[in-house]
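A.B. asks: got a predicted structure plus its sequence, pasted below:
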Number of protein chains: 2
Amino acid sequence: MTISAVRGTFLDFVDDPWKHVGDEQAAVRFFADGLLVVDDGIIVDFGAYDEIGSRHEGVDTTVITDRIIVPGFVDGHIHLPQTRVLGAYGEQLLPWLQKSVFPEERKYADREYAQEGTRHFFDNLLASGTTTFQAFTSSAPVCTEELFEEASRRNMRAIAGITAIDQNAPDWFTISPQDYYAAATEQIERYHRKGRNLYAITPRFAFGATTELLETCQRLKQENPDLWVHTHISENPAEIRGVLDLHPDCTDYLGMYEKFGLVGPKFTGGHGVWLSDDEFRRISESGAAVTFCPCSNLFLGSGLFRLGKATDPEHRVRLTFGTDMGGGNRFSMINVLEDAYKVGMLNNCMLDGSLIPSQQNLAESERNKLSPFRGFWSITQGGAEALYIDEFVGNFDIGKEADFVVLDWTAGPPAVAWHASLLAEQGGPQTVEQAGELLFSIMMVSDERAVDETWVMGRRAYRKA
Amino acid sequence: MTISAVRGTFLDFVDDPWKHVGDEQAAVRFFADGLLVVDDGIIVDFGAYDEIGSRHEGVDTTVITDRIIVPGFVDGHIHLPQTRVLGAYGEQLLPWLQKSVFPEERKYADREYAQEGTRHFFDNLLASGTTTFQAFTSSAPVCTEELFEEASRRNMRAIAGITAIDQNAPDWFTISPQDYYAAATEQIERYHRKGRNLYAITPRFAFGATTELLETCQRLKQENPDLWVHTHISENPAEIRGVLDLHPDCTDYLGMYEKFGLVGPKFTGGHGVWLSDDEFRRISESGAAVTFCPCSNLFLGSGLFRLGKATDPEHRVRLTFGTDMGGGNRFSMINVLEDAYKVGMLNNCMLDGSLIPSQQNLAESERNKLSPFRGFWSITQGGAEALYIDEFVGNFDIGKEADFVVLDWTAGPPAVAWHASLLAEQGGPQTVEQAGELLFSIMMVSDERAVDETWVMGRRAYRKA
């Protein structure tokens, strides 16, 4: 008998809120008094307590009051071996990598240090409500091994792979295409689809990859079509120029990945700040995804991701949101939502026509606005769909893995409690509108302190001290 | 006998770090083991313990270890009656005021609600390390009364005044120029320079002021040249257009305040996002100040303040930094530094020439970069100088008021402690470089949780629970 249940206030998403402009609640599922029933980590029933409670009498039930329970957060883009250097004072992308990042990541060739860093990484994720991630590791195979071992111990769903770089980095940091092929092949066999682990072919970014390394990635994908592909794209203007200098036959950054047959379902490019309209259209048609990493794009001064353009229904791009920790200075996807809202609003100061009338675009401006439903959808079901893991996680549909986060809307900076008292009556949200206002308060006034508990596969994996 | 002392690690500023490009430490004063001696709230000695300790044997001394003690933070622009609506989901400036702000501020005409809000306001400030502020209140005189009464009870230095608006707001929210003149005159007599209180003529912003109200402000300044003047300037493109429509004889927003004789020392305009080069030059020459409010500029999508332009030595503008809470979504000046760094870095993606070669400006780009010393100077001594209150507060010079903040570099999100362990040895910073790295970690990886204690006039006014 492994069945158990959680009773409380639940909110998740059954559709993309961007498809319901003016009526976003059509995408939301909300039970002020709901019940989630779990058997061996898998959701076997979910609904209003009034409706389904009688079917589960006698089941061991945890009752959670004064909280909103949402699906576990999905971080589409994070760098495990940057756990200790997040927020390092620096420069824009390329010099920052050389000065702060590569020297720290190098330490993860040592198994003991890799284990220590990996423990910190997972502890920080769970304290932030993140239950699923797609991660970069380092070029040393041991770092990826430790990631999957720790993910297995914690029973968390992880997508990762050796992060290959063979140029534009110090010699001591690169891996040859031959060594990468051999180590990745061995790891794919050992880890891919074992437990909750999924393997990703991970060329770090085009500027750090020779043609031979990219051909090796192409070969791995051909030999293992089930694999994920994870990399960076169009983060920074100087980086883009560097990539196009290396590939004069390509007219844009995406074209370079297309040349090596990598773009399609299960491909994710991080950032995409400077993607052209035509690149958005091709990404959309291919089924590939882009990760929006606002904390990082602001911290490194990379630029403003065009959220309202990426969500244009004419070429809707699959989007995950990511911390990009340590290019991003925060571990929490709640902080990611804060900065994502700010990026969207900043975009809009150019789109209302008050500065340059010919740039007025009110529809795009509307899509730039990260409502709480758009935000929380993006870090749960939306992120899962973009990563092609929505059969496993993302919402509370029956059959999915029971990963969820228990949010306390009164926790956070001292200002948050009195603010929240304005938004919902005592006892918590009774309507989806009130729940939305509390979620917005969490994303803009609070941070990971709102995460009271994090549950993985139906078990409590974190509880705030 | 009211003499007491604090022994610990101290860091403050004796000059503007922007004047020392490449050698910012010349602006910093750092004692790994320092002593601050206070008599009746006033600093009477300060220095290395080795050098001055023997002069103060027998003095009641509080020893603080594993912390950095910096001057109390100065918030140059904050709205007391928005304490409960900070971070309200909204629009850009003008509709946001109508929908979220004016209805809440209206409640502060009620003394009981104003008292409750004021208590929250001061509690949040002290928990954030802010010991001095320049605040907007509401148009109801009672709100300003409560602010000064509470500031007096807490013995905190405050600049404030009735926040006058007589157009472009609901009728129930405006105050007539006659009523404003009478109430302000009475309050100036009652509060200005009583205890630590300072009075500011506060037209809310030009878009909300008739010519008659602005003439009333001019008259108040002529009658009381010692008063401060506090308002908004060039926050949002639509607002600027509105102001210029009202004043067709002015060619820019600043010109309108100049027309009414308000621009000069002790004048502060909040935001200044869209100030022209010529406005920066005239502000610099006049001795007036601008408040940079990055959290707000991002949250409301107002735009990117040109930090590197405002700090151009050819027309250096006096700058305060401000939360602009509730247009800003955070009470903490540490979060202000985080977003200020991000704004500076974002500006720089246009200035390195990689996008538009003709816009390359490497000197301005360098000034956009908010180093930890530039940041903490701006929220202490720099802010005090801009507000013309550096005779009272801002650093640990002898004769100043003993307001300070005790910072714990290991407190904050779960990620911060391991990060900080990379930056300084056990026992804390031994050098000014290490102190700078820890301050940067506090501003980018932590938040107000780093504020362990806040002291006002030599007494502990807040200690983290």
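C.D. replies: Noted; the coordinates are in hand.
A.B. asks: for the stretch 301-450 of chain A, which segments count as strands?
C.D. replies: For the stretch 301-450 of chain A, applying DSSP state E, counting those that start in this stretch gives strands covering A:318-321, A:404-407.
A.B. asks: mind giving me the packing neighbours of the last one?
C.D. replies: Okay, so that is strand A:404-407. In terms of contacts (3 or more Cβ pairs under 8 Å, 6 or more residues apart in numbering or on different chains; DSSP states H and E), strand A:404-407 is packed against strand A:60-71, strand A:451-456. (C-beta placed from N, C-alpha, C; glycine too.)
A.B. asks: looking at A:V142 now. What's its pLDDT?
C.D. replies: Per-residue confidence (pLDDT) for A:V142: 98.
A.B. asks: pull the number of nearby residues for it.
C.D. replies: 19 (other Cβ atoms under 10 Å in any protein chain shown).
A.B. asks: quick one on the thing from earlier: pick the most deeply packed of the helices and strands packed on strand A:404-407.
C.D. replies: strand A:451-456 (a mean of 23; mean count of other Cβ atoms under 10 Å in any protein chain shown).
A.B. asks: hmm, who's touching it?
C.D. replies: Here strand A:451-456 makes contact (Cβ atoms under 8 Å, 6 or more residues apart in numbering or on different chains) with A:6, A:64, A:67, A:72, A:126-129, A:131, A:154-156, A:332, A:334, A:402-408, A:411, A:460-464.
A.B. asks: didn't A:A184 look like it was pressed against A:I162?
C.D. replies: Yes: A:A184 is within contact range of A:I162, at 5.4 Å (criterion: Cβ atoms under 8 Å).
A.B. asks: for the worst-scoring helix or strand of chain A on mean pLDDT, which positions count as buried?
C.D. replies: Of all the helices and strands that make up chain A, helix A:93-96 has the lowest average by mean pLDDT, DSSP states H and E, namely a mean of 79. Neighbour-count burial for helix A:93-96, with 16 or more other Cβ atoms under 10 Å in any protein chain shown as criterion, is recorded at A:93-94, A:96.
A.B. asks: with stretch A:166-179 instead?
C.D. replies: Judged by neighbour count using 16+ other Cβ under 10 Å, the buried positions of stretch A:166-179 are A:166, A:168-169, A:173-175, A:177, A:179.
A.B. asks: quick one: which of those residues sit in helices?
C.D. replies: A:177, A:179 (DSSP state H).
A.B. asks: which of the helices and strands packed on strand A:404-407 sits closest to A:L86?
C.D. replies: Checking those against A:L86 by Cβ to Cβ gives strand A:451-456 as the closest, at 17.8 Å.
A.B. asks: ok, then the element right after the closest one?
C.D. replies: Using DSSP states H and E, the helix or strand that follows strand A:451-456 towards the C-terminus is strand A:459-463.
A.B. asks: output that following strand as CSV, nothing but the C-alphas.
C.D. replies: What follows is strand A:459-463, C-alpha atoms only, in CSV (Å, rounded to 0.1, in the frame of the first residue of the first chain):
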residue,chain,number,x,y,z
ARG,A,459,7.3,12.7,-0.9
ARG,A,460,8.4,15.8,1.0
ALA,A,461,11.9,16.5,-0.1
TYR,A,462,12.3,20.0,1.5
ARG,A,463,10.7,21.9,4.3
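A.B. asks: give me the distance between A:E112 and chain B.
C.D. replies: To chain B, A:E112 is 15 Å away according to Cβ to the nearest Cβ, to the nearest Å.
A.B. asks: now that residue: which helix or strand?
C.D. replies: Per DSSP H and E, A:E112 falls inside helix A:111-127.
A.B. asks: now the helix or strand following that helix against strand A:451-456, angle please.
C.D. replies: Tracing the chain past helix A:111-127, the next element assigned as helix or strand by DSSP H and E is strand A:130-136. Using axes from the mean of the first three to the mean of the last three Cα atoms, to 10 degrees, the direction of strand A:130-136 lies 70 degrees away from that of strand A:451-456.
A.B. asks: now the angle between strand A:60-71 and strand A:130-136, please.
C.D. replies: Using the same axes, to 10 degrees, one finds that strand A:130-136 and strand A:60-71 are set 50 degrees apart in direction.
A.B. asks: from the contact counts, what lies against strand A:130-136?
C.D. replies: On a contact count with 3+ Cβ pairs under 8 Å, 6+ apart, strand A:130-136 meets strand A:73-79, strand A:157-161, strand A:228-233.
A.B. asks: please state the offset of the first one from the chain centre?
C.D. replies: Mean C-alpha position of strand A:73-79 versus that of the full chain (Cα atoms, centre = their mean, to the nearest Å) differs by 3 Å.
A.B. asks: is chain B contacted by it?
C.D. replies: No: Strand A:73-79 does not reach chain B (Cβ under 8 Å from any Cβ of the partner chain); its nearest approach is 11.7 Å.
A.B. asks: now for that strand, which elements pack on it?
C.D. replies: If contacts are counted by 3+ Cβ pairs under 8 Å, 6+ apart, strand A:73-79 sits against strand A:130-136, strand A:267-271, strand A:289-292, strand A:318-321, helix A:333-348, helix A:381-386.
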